[in-house]
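# next input, structure requested:
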Amino acid sequence: MTNVWPLQADCNAFYGNPGNIPAQWAAWEAVNLVDVVCPWKIKFIDGKTIQPVPAIRIHKKCADSLKVVLGSIWDAVGQDQSAIETLHYDHYSGSYNQRPMRGGTMRSMHGFGAAIDWDAEENAQHSMKHLFQANSLLVVKFKSGRLDMGWRLVARLDRRHACPGRARAS
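Here you go, the predicted model:
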């Protein structure tokens with residue numbers, strides 16, 4: 001079964017409207033967000049700070065799809081944590097975060113709990129040089145049509161950012 005994800009303009013209807021103030025966000029979060037445990041150990045790296053991450057906070061409508069993609073990556077590396085670390089797939093850079101899109105006013109996909117960033121230090125947004133290339137396992141698995149998950153990595157300028165969705169009507 002292929003997932004049909006919303007256009008960004010339709011996310012309020014699909015994911016629910018998180019609201020505009022912290023009290024509204026908290027109520028929306030309690031109903032819509034779940035924790036997905038990654039099959040390998042992940043850590044948040046911010047400069048010199050390294051913090052283990054127990055789970056990825058994601059919208060409940062994305063959770064099953066995310067589990068399939070992560071499981072497929074884990075199986076492809078032979079369930080080997082050292083292989084994950086060599087590829088930097090243990091470098092988790094965040095998921096749910098209430099904020100507008102960078103450089104815009106629309107709510108970011110992160111604000112719906114429908115986006116994940118991986119290894120932001122090595123895959124800087126708008127950089128022409130990324131650690132993750134089009135043929136990198138993480139990129140391939142998130143984009144894989146064989147998994148029928150419909151996730152996408154946002155163009156060549158933001159290879160760290162994975163979200164289920166469509167850039168335009170299909």
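# residues contacting G19?
Residues counted as contacts of G19 (Cβ atoms under 8 Å, 6 or more residues apart in numbering) are W25, A27, W28. Where C-beta positions appear, they are placed from N, C-alpha and C, glycine not excepted.
# P6: which of these is nearest?
W28 (16.2 Å; Cβ to Cβ).
# burial count for that closest one?
If you count neighbours by other Cβ atoms under 10 Å, W28 ends up with 19.
# same question, the one 10 residues further on
When neighbours are counted by other Cβ under 10 Å, C38 registers 21.
# next step: the contacts of G19 restricted to strands.
Among the contacts of G19, none falls in strands (DSSP state E).
# have a look at the protein and report the helix or strand with the lowest mean pLDDT.
strand 158-164 (a mean of 50; mean pLDDT, DSSP states H and E).
# what's the pLDDT at the most centrally placed residue in the chain?
In the chain, the residue lying closest to the centroid (Cα atoms, centre = their mean) is I116, at 1.9 Å. On pLDDT, I116 comes in at 85.
# repeat that for the one 10 residues further on.
Listed pLDDT for H126 reads 48.
# do the same with the one 3 residues further on
pLDDT, the model's per-residue confidence, is 54 for K129.
# same question for W5.
The model reports W5 with a pLDDT of 81.
# returning to what we had before: now render the contacts of G19 as CSV, adding distance to K48.
Below are the contacts of G19 laid out as CSV (distance: Cβ to Cβ, whole Å):
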residue, distance to K48
W25, 30
A27, 36
W28, 33
